[in-house]
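Chemist: Build me a structure from this.
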Amino acid sequence: MVTKMRLLMVVFLFHVTITSSGQKQTISGYLKDSVTNEFLIGATVRLANTSVGVSSNDYGFYSLQADKGKITLQVDYIGYEQKVITLNLTTNTTLDILLSEKRQTLSEVVVSSTKANQRIVSTEMSTEKLTAKDIKQIPMVLGEADVIKSIQLLPGVSAPNEGSGGFNVRGGSADQNLILLDEAIVYNPSHLFGFFSVFNADALKDATIYKGGIPSKYGGRLSSVLDIRMREGSNKKFSATGGIGLLSSRVTLETPLGKVHENGANGSMLISGRRSYADIFLPLFPDTTINRNKLYFYDLNFRSNYRLSTKDRVFLSGYFGRDRIDVPNGFGNSWGNITGTLRWNHLFSSKLFMNVSAIYSNYDYEIKFYPGNSFKWQSSLSNLNFKADFDYYANEKHNIKFGLGSIYYTFNPGNITPFGSKSSLVATNNPLKYALENYAYLQDDYKINSNLSVMYGLRISNFAQLANESIPVYNNDQPVVFNPTINNYQKGTVKSYNKSKRNTWLNNSYGLEPRINVNYQISESASIKTGYNRMFQYIHLLSTATSPTPLDIYTPSSSFIKPQISDQIASGYFKNIKDNNYELSVEGYYKWMQNQFDFIDGASPLLNNSPETILLNGSARSYGLEFMVKKGEGRFTGWISYTLSKAERKTPGINGGRGINNGEYYATNYDKPHNLAVTANYKLSEKWSFSANFIFQSGRPITYPESKYTFNGLSVPEYSERNAHRLPAYHRLDVSATLKGKESKRLKSQWVFGIYNIYNRQNAANITFRESVIINNNNYEVGTGINKAYKLTYFGIVPSVSYEFKF
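Modeler: Numbers count the residues shown, from 1 in each chain. Okay, here's the model as predicted:
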């Protein structure tokens, strides 16, 4: 099927090419920052007073066709000065364009507006982009700028829980989000169990989240794509930036590679490191139960690029991060991500751009238990990804993207290794699992006329698992059966093992994933958009938690665990007001999902090498309305977002057993009908600026005990239907103030003061029930027979201060 897709690409490109006008000339080149020469992604180049324009690709390249003669180009990018260029076009022309960052004066502060009206004319929808500056302006706990927490302030995006490192998009679970760092998959984006993300804002250029209308080049997850790009570093001069905070410190170094000419060196390099230091102070405590503990995280970002010729450039980037918690005579926990990306850009012509990537990702974790039967548990997931992506600027009406790739997965479900002289446990080694995912895609952004444009495409994917062990054969082909005696589900009976299929590729699954977005521009400042996309997900997260944890286990699709599938339709109205100073958007969506798995009662994915025996197959749906008003210019900037939504699952029973909630729809763990976020920034003077954000969310669904009975002297609770109750509503207000220091030619500095949860709201992360006790006359605890509710809260009011510098 992938071969047929390649043939389709060739035929389509040939058709578009022969229909192109031969009278046009091509202007192409790169868009760059005038100070650092870093490439600008998504900048627009437009023929003035026309609807003909193009956006720069992921590497800053653009290509635009125009008639011969005198032309005027209008160039815009978020937070940069608009540039107007007039030239006499006589032949194909190479033109690199340098843009200057806007000065943040009292009369004009630009955060995210673009006078090119790109949001109105583009076919993109359900998409939001945050620059590193946007992220750093948002107050966060302990002053740590955080990409994940920042996108949770956008419409359609919510946090599973306070202090969680994941996020939910339009009714999808946290594992249904594809998180990319320089094209490499990041499986766990969390430090300290989710309180902070692994992304150091000093090393980042921007983050784009696609909630719907997802381009064809992305796949492998159902709900969203978070595409995070690192900075290249300056190729003109050496510089250093950093910050010292209460939790961690960080430093970023960037330098040219090679001799620096008038237009900069041929290459550049950036290294950025961050480390927490709570463990440094623990040895100062006299208590040995404290001073021997370890608690820290670190991360290191690296990116370099080098121009081999006018048509060739190579990039190398990587991320290394780890958390470690160690309590002697108790437990230890360690987890981390490693990514590496090698890319080669080649320009075949002024119209055809290619990028070839070799990508590595790894996530692993380890748990140790020390007393008595000491042992360690280790698990991991890694992948190798080889891909080629092409941008073909056929003419002023067609902008075509196509490509193909393969991802090779290695799953380590978990191994137990005993250690210590007192341990009587036996080592357990679950066999590795391997899988291969292939894909090809084709997409055309077609400008039909000045008012109507359409982006349509198709992605074809294929997934297969390598059988490196004997395949279990269950009675009646059912890995899960209902046992009426215990009125519950249990593991099916294995009648034999199929050894003949070892070391062969099994369960070939194919996915056809059409994508289409249509934009009808009502006026220069308003448009209506609608879109549809289908997504396939071939790897599955096995976790009973509501948000990602270091104990998460992934498993591939198999003959028993089918690929997840989602279909989503969305429509929206987009309006710019008062010379684009205000942006208004309203979007509605409906998403339905197949092969949504839920656990049978009492199931645990740990130490289970047959996950199909604890899963029930179901479906899910979500729908909602998203509202957003954004102010992008002036002394006062920010946005207000509100989402009204519903997310539900349906898990029917099998073999005569009743399904979850009797097979009817029930709220997912992350269903939050109301989600309001207000973000504001105000520049008081050249020295002082202030920021604040307010969040209100419905409490997440939860299952409470509703009654109890006594059996053999034990109190046994009876629970409500799945997720029939909710935690109390969540809300908080965060504020921050920034004081700029005195600037010199060599040094710029500022102090950032913040207060998280300023009115000390005790938001419930969870509520548990326990029988209350009293102390009797013999000083023993005895039960009262009365259950009491206990609320778990992570954060009250948290002040912070940090010092930031650049030289």
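Chemist: my guess is residue 587 contacts residue 570, does it?
Modeler: Yes - in this structure, residue 587 sits in contact with residue 570. The criterion is CB atoms under 8 Å, and the distance is 5.9 Å. C-beta: built from backbone N, CA, C; applies to glycine.
Chemist: Compare the two (neighbour count), which wins?
Modeler: For residue 587 versus residue 570, the count of surrounding residues by other CB atoms under 10 Å is larger for residue 587: 26 against 23.
Chemist: check contacts around the residue nearest to that one when sequence neighbours are not counted.
Modeler: On the basis of CB to CB, 6 or more residues apart in numbering, the spatially nearest residue to residue 587 that is not a chain neighbour turns out to be residue 572, at 3.6 Å. Taking CB atoms under 8 Å, 6 or more residues apart in numbering as the contact definition, residue 572 lies against 125, 126, 528, 529, 530, 585, 586, 587, 588.
Chemist: rerun at 10 Å
Modeler: Residues counted as contacts of residue 572 (CB atoms under 10 Å, 6 or more residues apart in numbering) are 125-126, 212-213, 519, 527-531, 585-589, 625-626, 628.
Chemist: Phi, psi for it please.
Modeler: phi -150, psi 160 (degrees, to the nearest 10).
Chemist: ok, back up a step: give me the common contacts of residue 587 and residue 570.
Modeler: By CB under 10 Å, 6+ apart, the residues touching both residue 587 and residue 570 are 125, 126, 156, 170, 211, 212, 213, 529, 530, 531, 626.
Chemist: As TSV, the residues you listed with secondary structure and distance to residue 53 would be great.
Modeler: Putting these into TSV (DSSP: H, G, I helix; E, B strand; the rest coil; distance: CB to CB, whole Å) gives the following:
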residue	secondary structure	distance to residue 53
125	coil	18
126	coil	21
156	coil	27
170	coil	30
211	coil	24
212	coil	23
213	coil	19
529	strand	17
530	strand	22
531	strand	20
626	strand	27
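Chemist: any idea which of those is closest to residue 752?
Modeler: When the shared contacts of residue 587 and residue 570 are compared for distance to residue 752, the smallest value, 28.8 Å, is given by residue 156; criterion: CB to CB.
Chemist: Do you know the pLDDT at the closest one?
Modeler: In this prediction, residue 156 carries a pLDDT score of 95.
Chemist: Would you check that it makes contact with residue 568?
Modeler: No - with contacts defined as CB atoms under 10 Å, residue 156 does not count as touching residue 568, sitting 11.2 Å away.
Chemist: Now do the strands in the stretch 401-550 of the chain.
Modeler: Listed in chain order, the strands found in the stretch 401-550 of the chain under DSSP state E, counting those that start in this stretch are 428-429, 433-447, 452-467, 471-474, 480-483, 488-491, 494-498, 504-523, 526-537, 539-542.
Chemist: next one: the following helix or strand past the last one to chain centre, how far?
Modeler: This points to strand 539-542. Taking DSSP states H and E as the definition, the helix or strand that follows strand 539-542 towards the C-terminus is strand 553-556. Taking CA atoms, centre = their mean, to the nearest Å, the mean C-alpha location of strand 553-556 is offset from the chain mean by 18 Å.
Chemist: other SSEs contacting strand 553-556?
Modeler: Using 3 or more CB pairs under 10 Å, 6 or more residues apart in numbering; DSSP states H and E as the contact criterion, the elements in contact with strand 553-556 are strand 375-393, strand 398-418, strand 433-447, strand 452-467, strand 539-542.
Chemist: Sheet partners, orientation included, of the shortest one?
Modeler: Each strand pairing with strand 539-542, determined using DSSP bridges, is listed with its direction: strand 553-556 (antiparallel).
Chemist: Same question for the third one.
Modeler: In the sheet containing strand 433-447, the strands it pairs with under DSSP bridges are strand 398-418 (antiparallel), strand 452-467 (antiparallel).
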